[in-house]
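J.: A structural model of the following input is requested.
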Amino acid sequence: MFQDIAENGSDAGYMIQGKDQQAIINLYTFTMNTLPQDMKNSIGQLVPEKKLSKLAGKSIKQALKDFELSSTAAASEKLIIKVKNGKSGKWVSQKNCCARL
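T.: Okay, here's the model as predicted:
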């Protein structure tokens, strides 16, 4: 999934699997639990949690479009994912990386 996003940005065609959906929900929950309330409200408006449970079976492109996060600008735009110090892109792309949080 991450490789497709890195190569194709908002035009990524990877189909989100159930395990990907669960990892995204886990990451969302972890993130929301660590944010101050004002940021939780902002993110909650942009990405309602109930929409996350409907990602499986959608392409990355469609999911980004559903959340109004896709770009209609240049097709070469990239989605940037920040990885903690000491972790590599390989760690991010391993199965269930976010489920470990």
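J.: can you tell me the SS state at the spatially closest residue to Ile16 that is not a sequence neighbour?
T.: Leaving out its chain neighbours, the residue that sits closest to Ile16 by CB to CB, 6 or more residues apart in numbering is Leu55, at 4.8 Å. Every C-beta, even on glycine, is put in place using the N, C-alpha and C of the backbone. Following DSSP: H, G, I helix; E, B strand; the rest coil, the label given to Leu55 is coil.
J.: residue closest to the middle of this protein?
T.: Ile24 (6.0 Å; CA atoms, centre = their mean).
J.: which secondary structure element contains it?
T.: For Ile24, the element it lies in under DSSP states H and E is helix 18-34.
J.: please point out which parts of that helix sit buried.
T.: Going by neighbour count (16 or more other CB atoms under 10 Å), the buried part of helix 18-34 is Asp20, Gln21, Gln22, Ala23, Ile24, Ile25, Asn26, Tyr28.
J.: can you lay out those as CSV showing pLDDT and distance to Gly13?
T.: Shown next, in CSV, are the buried residues of helix 18-34 (pLDDT from 0 to 100; distance: CB to CB, whole Å):
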residue, pLDDT, distance to Gly13
Asp20, 91, 14
Gln21, 92, 17
Gln22, 93, 21
Ala23, 90, 19
Ile24, 89, 17
Ile25, 91, 22
Asn26, 92, 24
Tyr28, 90, 23
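J.: mind putting those residues into TSV with distance to Gly44?
T.: Below are these laid out as TSV (distance: CB to CB, whole Å):
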residue	distance to Gly44
Asp20	21
Gln21	18
Gln22	19
Ala23	19
Ile24	15
Ile25	14
Asn26	17
Tyr28	10
